[in-house]
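**Q** Take this sequence and fold it.
(one chain, ligands or ions: 1)
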Amino acid sequence: MTAKIIDGKKIAAEIRAEAKLEADELISQNIQPCLVVVLVGEDPASKAYVGSKVKACEETGIKSIKVTHPAGISEAELMSEIDRLNADNSVHGILVQLPLPKHMDEDAVTERIDPSKDVDGFHPVNVGKLSIGLDCLTPCTPTGIPEMIVRSGIEMSGKHAVVIGRSNIVGKPMMSLLVQKGEKANCTVTCCHSGTKDLAYFTRQADILIAAIGVPEFVKADMVKEGATVIDVGINRVDDATKPRGYKLVGDVDYASVEPIAGAITPVPGGVGPMTVAMLMKNTIKAARMRG
Ligand code: NAD
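**A** Residues are numbered from 1 along each chain as shown. Prediction:
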């Protein structure tokens, strides 16, 4: 059996094209969707993520404003900046790039953002709304995953989805999304984590297996049921002297051994990664619509 390769780049391009049409429609109503991305410090990975978000905005017709601060900015100054952005009616989405420098309380900063502008979907109000099935802004990475599955022609309703990982940005919101009623959900959900005993016992029961662990090539073929849909959220750098950068990116799934038995699988890179930015565009449009 050869797995269907779920092409995240292609699906993300489709979603971004849809977001552009929606942005154009809002612009024709004199609403210019606007995302402010706040970057604190010089972390190269954060800079790269912010750069790709700004570029995606340009391509989608969303106005983007990049606000940069030195790593030494005080939490109070950052809070004032967020207050100013919350009060600015021309700003629809606010994203503070994480991680923040150690002297800042990330939870407090996240909670300062107006929930209706929280395009990362991390504010406790949005987390609570998601868990009780209310319409809200939901975290970009897990929100993109049902989109990829359904747009690849794979039915989700009634399937057993097993999520490995319980982080607040991927694992937990993933569970909340999958368990809701609806075409892009309605799954029976199991969540596994570092405290799970006999992990493979659970993963082998998965019709849909979602790996968000952060350990390179952790999921091996003997942990996967034949024909399962395997979604690899992991982005891990591993040393590779043959690459100009000296490293390559691999997922949390051992692609070479799992692909031959899976029914469908996402590659790394080119799977879940591109979807995250596409869903951020969708969330910004949604925030702009909600505000008008
Ligand atoms: P995290 O470190 O916050 O959480 C990892 C989770 O894996 C934990 O909940 C832990 O319980 C679980 N875990 C760790 N070791 C385990 C083990 N041996 N057995 C079972 N469970 C175990 O990580 P995260 O932020 O959720 O990210 C996970 C991965 O996804 C990382 O590789 C990250 O880079 C990647 N990621 C990708 C995107 C994207 O856009 N594609 C976005 C966010 C995160």
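**Q** Please make it C-alpha for all contacts and neighbour counts, starting now.
**A** Will do.
**Q** elements contacting the helix or strand where Leu130 lies?
**A** Following DSSP states H and E, one finds Leu130 within helix 124-131. If contacts are counted by 3 or more C-alpha pairs under 8 Å, 6 or more residues apart in numbering; DSSP states H and E, helix 124-131 sits against helix 171-179.
**Q** Burial check on Cys191, number of neighbours?
**A** 18 (other C-alpha atoms under 10 Å).
**Q** circling back: next secondary structure element downstream of the helix holding Leu130?
**A** Later in the chain than helix 124-131, the nearest helix or strand by DSSP H and E is helix 140-151.
**Q** do the next helix or strand after that next one and the ligand meet?
**A** Using DSSP H and E, the next helix or strand after helix 140-151 towards the C-terminus is strand 160-164. Yes - residues of strand 160-164 contacting the ligand under C-alpha under 6 Å from any ligand atom: Ile164.
**Q** Let the chain start at 49 from now.
**A** From this message on, residue numbering opens at 49, which makes the last subject strand 208-212.
**Q** Using CSV, write out the CA atom coordinates for strand 208-212.
**A** C-alpha atoms of strand 208-212 as CSV (Å, rounded to 0.1, in the frame of the first residue of the first chain):
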residue,chain,number,x,y,z
HIS,A,208,-11.1,7.4,16.2
ALA,A,209,-8.5,10.2,16.4
VAL,A,210,-5.5,9.7,18.7
VAL,A,211,-3.5,12.9,19.5
ILE,A,212,0.0,12.5,20.9
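**Q** from the middle of its chain, how far away would it be?
**A** 17 Å (C-alpha atoms, centre = their mean, to the nearest Å).
**Q** if we can go back for a sec, go ahead and produce CSV holding the CA coordinates of the helix holding Leu178.
**A** Provided in CSV are the C-alpha atoms of helix 172-179 (Å, rounded to 0.1, in the frame of the first residue of the first chain):
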residue,chain,number,x,y,z
PRO,A,172,-8.5,31.8,27.9
VAL,A,173,-11.8,33.3,26.7
ASN,A,174,-11.3,31.7,23.3
VAL,A,175,-10.0,28.4,24.8
GLY,A,176,-13.2,28.2,26.9
LYS,A,177,-15.4,29.1,24.0
LEU,A,178,-13.8,26.4,21.9
SER,A,179,-14.2,23.8,24.6
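**Q** which residues are in contact with it?
**A** 159, 163, 169, 183-186, 221, 224-225 (C-alpha atoms under 8 Å, 6 or more residues apart in numbering).
**Q** What residues of it count as buried?
**A** Going by neighbour count (16 or more other C-alpha atoms under 10 Å), the buried part of helix 172-179 is 173-175, 178-179.
**Q** As TSV, these with distance to the ligand would be great.
**A** TSV is the format used below for the buried residues of helix 172-179 (distance: C-alpha to the nearest ligand atom, whole Å):
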residue	distance to the ligand
Val173	20
Asn174	18
Val175	15
Leu178	18
Ser179	18
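**Q** Enumerate the residues of the stretch 199-340 of the chain near the ligand.
**A** 212-215, 217-219, 240-242, 260-262, 281-284, 320-321, 324.
**Q** Among those residues, the buried ones, what's the PyMOL command?
**A** Per 16+ other C-alpha under 10 Å, the buried members of these correspond to this PyMOL selection:
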select buried, resi 212+213+214+217+218+219+240+260+261+262+281+282+283+284+320+321+324
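**Q** Can you list the strands that the helix or strand containing Cys239 pairs with?
**A** In this assignment (DSSP H and E), Cys239 forms part of strand 236-240. In the sheet, strand 236-240 lines up against strand 208-212 (parallel) (DSSP bridges).
**Q** one step back: and the contacts of helix 172-179, which is closest to the ligand?
**A** Nearest to the ligand among these: Pro221, at 10.1 Å, using C-alpha to the nearest ligand atom.
**Q** contacting residues around that closest one?
**A** Per C-alpha under 8 Å, 6+ apart, neighbours of Pro221: 175, 178, 186-187, 190.
**Q** Columns pLDDT and distance to Ile313 on top of the residues you listed, output as JSON lines?
**A** Below are those laid out as JSON lines (pLDDT from 0 to 100; distance: C-alpha to C-alpha, whole Å):
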{"residue": "Val175", "pLDDT": "98", "distance to Ile313": "28"}
{"residue": "Leu178", "pLDDT": "98", "distance to Ile313": "27"}
{"residue": "Thr186", "pLDDT": "98", "distance to Ile313": "24"}
{"residue": "Pro187", "pLDDT": "98", "distance to Ile313": "22"}
{"residue": "Pro190", "pLDDT": "98", "distance to Ile313": "16"}
